[in-house]
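>>> any chance you can model this:
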Amino acid sequence: MNQDDEKRMSFTEHLGELRTRLIHSFIALAISVVGCYALSNQIFELLAWPLRPLSESNVVSFEIVDTDEDGNPVVAQQVPEEKSRAEGIEWTVLNPLEFILVKIRIAGYGGLIVALPFLLWQLCAFVFPGLHANEQKVVQVLIAGCSVLAILGVGVAYFGVFPLVLPYLLEWIPDWVQVQLRLNETLSIIIKGLVGFAVAFQFPMAVLILVYMGLLTPQALKQYRKLALVGMALVAAILTPPDPFSLLVMLLPLALLYESSIWVSYLVVRRNADEESA
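Numbering: from 1, shown residues only. Below is the predicted model of the structure:
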């Protein structure tokens, strides 16, 4: 067997491995989608949680009915407190298929997120044999850093911004306007907001990649700090509801991440210098 046949067989083996990993990935994705569809109602309740007040317990108060000679209450009637606009949310659909389509969208997004670690593992298992040891470490750091920052961004949006801002915006609606949230559109707003925060928090990783490639230096990061803050403020204003508080909630972590990326960039530059000298 000549050298060309050996290369052709090697290429064929790679194609066979790629096909096997794609089949495994599709099976895992299909299982995740089916599972998320079965739990789509519970997942939607989790996604809709930021629209509800932080305390939804049935709070009651006591209305004084009669008092004694000293003014002390002797008869008190238990009455429920009036609910806020955010507590009286009514979900609506405009056609019989909308609820089913919403469940399918939830299943698709949820299944992709659930299967994503397995998909990344399959991708790395296929690509890593062709990379050097230092390149594998770089890819591992990128995957770990992007994952942590994405989870951090989603957490800030889910627990910090949305529960405080969205019910607050609902309270601005006049009493003569009936609050009804369309299921499909509201779900899109929540998902886009979570994805927007996850993407925005990838900024430090983008900076570190540019520094690693030699296209950016720590000195440049310091020099353009003010310009970067203005850009991050614009991004925060676009990705958050029109409220100053939510803008600050997103801008503050981004600013801290930018400052931390400056210090980490020094380590990247020093490591590149050590590798070149070695």
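>>> remind me which residues of the stretch 51-200 of the chain are low pLDDT?
52-89 (pLDDT under 70).
>>> strands of that one, start to end?
Assigned by DSSP state E, counting those that start in this stretch, the stretch 51-200 of the chain shows strands spanning 60-67, 73-80, 90-92, 180-182.
>>> strand partners (parallel or antiparallel) of the last one?
In this case it means strand 180-182. Here strand 180-182 has these sheet partners by DSSP bridges: strand 90-92 (parallel).
>>> what are the contacting residues of stretch 116-124?
Residues outside stretch 116-124 that contact it (CB atoms under 8 Å, 6 or more residues apart in numbering): 21, 24, 25, 28, 29, 139, 143. In this view, the C-beta of every residue, glycine as well, is placed from N, C-alpha and C.
>>> which helix or which strand is home to the fourth one?
Taking DSSP states H and E as the definition, one finds residue 28 inside helix 3-38.
>>> which is the next helix or strand following that helix?
Proceeding N to C from helix 3-38, the next assigned helix or strand is helix 40-48, under DSSP H and E.
>>> which segments of the protein make up each domain?
Per automatic domain parsing, the domain ranges recorded for the chain read 1-48+96-129, 131-278.
>>> so which of those domains is nearest residue 90?
domain 131-278 (4.8 Å; CB to CB).
>>> go ahead and confirm residue 51 touches residue 167.
Yes: with contact defined as CB atoms under 8 Å, residue 51 reaches residue 167; the gap is 6.7 Å.
>>> correct me, but residue 28 touches residue 115?
Yes: using CB under 8 Å, residue 28 makes contact with residue 115 at a distance of 4.8 Å.
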